[in-house]
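**Q** what follows is a predicted structure for the sequence shown.
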Amino acid sequence: MAEEIEWWDFDAQDELVDQLAGDIKFIIESALDARGQALVAFPGGSTPAPIFAKLAESSIRWKNVTIIPTDDRLVPVDNPLSNVAMIAKAFLPLGARVLPLNSEAEDYKLAGSAANARLQDLQWPPDLIWLGMGKDGHTASIFPGPDLDEAMTAGDDIRAVGVAPDPLPPEAPVNRVTLTASAIASAKTTLVVCNGAEKKAVLDQAIEEGAKSAYPIGKVLAKIPVPVDIYWLDN
Ligand SMILES: O=C(O)[C@H](O)[C@@H](O)[C@H](O)[C@H](O)COP(=O)(O)O
């Protein structure tokens, strides 16, 4: 169980967007003040788009900020499913350094190893890992399937692995590269952002069940040693 979990409930999307963009700005600026640079991981999916847009309006020293996806779908960057493309569109024009997890490798395991090798060059740990979650309880791209154990139990030196979700999620039915649970747990700050009663019910159950949960989000949160803030939009 994460040391402490705090829920922040919102009735309106613009309130969640404003609050979250402000909180992420604060985390990034604190890192810039302390170290002159910041490393953050942002999720894919549909939820982040308005938050990226709001955050991109912030006057931050973006040139000193490195952004990685928490996970990526193994598709070319010009494919609408690409997580890194969505991040890059919002933050590359501001001068941020946006690094992909995906690669040309056809073998998803090789793509995972390549991403892991690239992440070794970064100044770890991340200042922030912002997680999304699916209705099936996946988070980042830690999904039920043959690679769940590896993603959950890989050692601290393994930051990313390739994953073939089983079943493939209908909204993006492709293999993935994801940060491992230990990479996620190493972050200085962790946020979860989700919406709707269905995801709330899954998240409540996953938190209750902790490490034994069949939901990946429950297993991952159980490994996180710092307090976790959950931003939940009721819609
Ligand atoms: O690439 C991905 O699929 C994600 O990073 C994933 O973990 C996402 O955060 C959730 O599936 C929620 O997605 P939505 O925001 O679209 O509901």
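**A** Received it, and whenever you're ready, just let me know what you need. Keep in mind that what you see is a predicted model, and the values were worked out from it rather than measured.
**Q** shaky segments in the protein?
**A** Scanning the chain for pLDDT under 70 picks out the ranges 1-3.
**Q** what's around E104, how many residues?
**A** Per other Cβ atoms under 10 Å, the neighbour tally for E104 reads 9. Using the backbone N, CA and C atoms, a C-beta is placed for each residue, glycine as well.
**Q** swap in D9?
**A** D9, neighbours per other Cβ under 10 Å, totals 12.
**Q** how far away is it from the ligand?
**A** D9 sits at a distance of 17 Å from the ligand (criterion: Cβ to the nearest ligand atom, to the nearest Å).
**Q** where exactly do the strands run in this structure?
**A** Ranges of strands within the chain are 5-10, 38-42, 65-69, 71-73, 97-98, 128-131, 160-163, 176-179, 190-195, 228-233, based on DSSP state E.
**Q** could the ones you listed go into TSV alongside distance to D121?
**A** Output for these, formatted as TSV (distance: least, Cβ to Cβ, whole Å):
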stretch	distance to D121
strand 5-10	32
strand 38-42	11
strand 65-69	10
strand 71-73	17
strand 97-98	11
strand 128-131	18
strand 160-163	12
strand 176-179	15
strand 190-195	23
strand 228-233	27
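**Q** can you tell me which of those strands is packed in deepest?
**A** When the strands of the chain are scored by mean count of other Cβ atoms under 10 Å, the highest mean neighbour count falls to strand 176-179 (a mean of 31).
**Q** is the ligand contacted by that strand?
**A** No. Residues of strand 176-179 contacting the ligand under Cβ under 6 Å from any ligand atom: none, with a closest distance of 6.7 Å.
**Q** give me the sheet partners of that strand and which way each runs.
**A** strand 71-73 (antiparallel), strand 160-163 (antiparallel) (DSSP bridges).
**Q** so which of the strands of the chain comes closest to P144?
**A** Of all those, it is strand 160-163 that lies closest to P144, at 10.1 Å by Cβ to Cβ.
**Q** check the offset of the closest one from the chain's centre.
**A** 13 Å (Cα atoms, centre = their mean, to the nearest Å).
**Q** likewise for stretch 167-175?
**A** With Cα atoms, centre = their mean, you get 17 Å for stretch 167-175.
**Q** one more: stretch 140-148?
**A** The answer for stretch 140-148 is 14 Å, by Cα atoms, centre = their mean.
**Q** stretch 141-153 now?
**A** With Cα atoms, centre = their mean, you get 15 Å for stretch 141-153.
**Q** next, the buried residues of it.
**A** Across stretch 141-153, burial judged by 16 or more other Cβ atoms under 10 Å covers S141, I142, F143, G145, D147, L148, E150, A151, M152.
**Q** cool, stretch 198-213 as well?
**A** Residues K199, K200, V202, L203, A206, I207, S213 are the ones in stretch 198-213 that count as buried (16+ other Cβ under 10 Å).
**Q** point out the ones among the residues you listed that are inside helices.
**A** K199, K200, V202, L203, A206, I207 (DSSP state H).
**Q** what's across from the closest residue to P48 other than its chain neighbours in the sheet?
**A** In this structure, P48 finds its nearest non-sequential neighbour in F42, 6.2 Å apart by Cβ to Cβ, 6 or more residues apart in numbering. Beta-bridge partners recorded for F42 (DSSP bridges): P69.
**Q** what parts of this protein come near the ligand?
**A** Within the chain, the positions near the ligand by Cβ under 6 Å from any ligand atom are 43-47, 70-71, 73, 83, 132-134, 138-141, 172.
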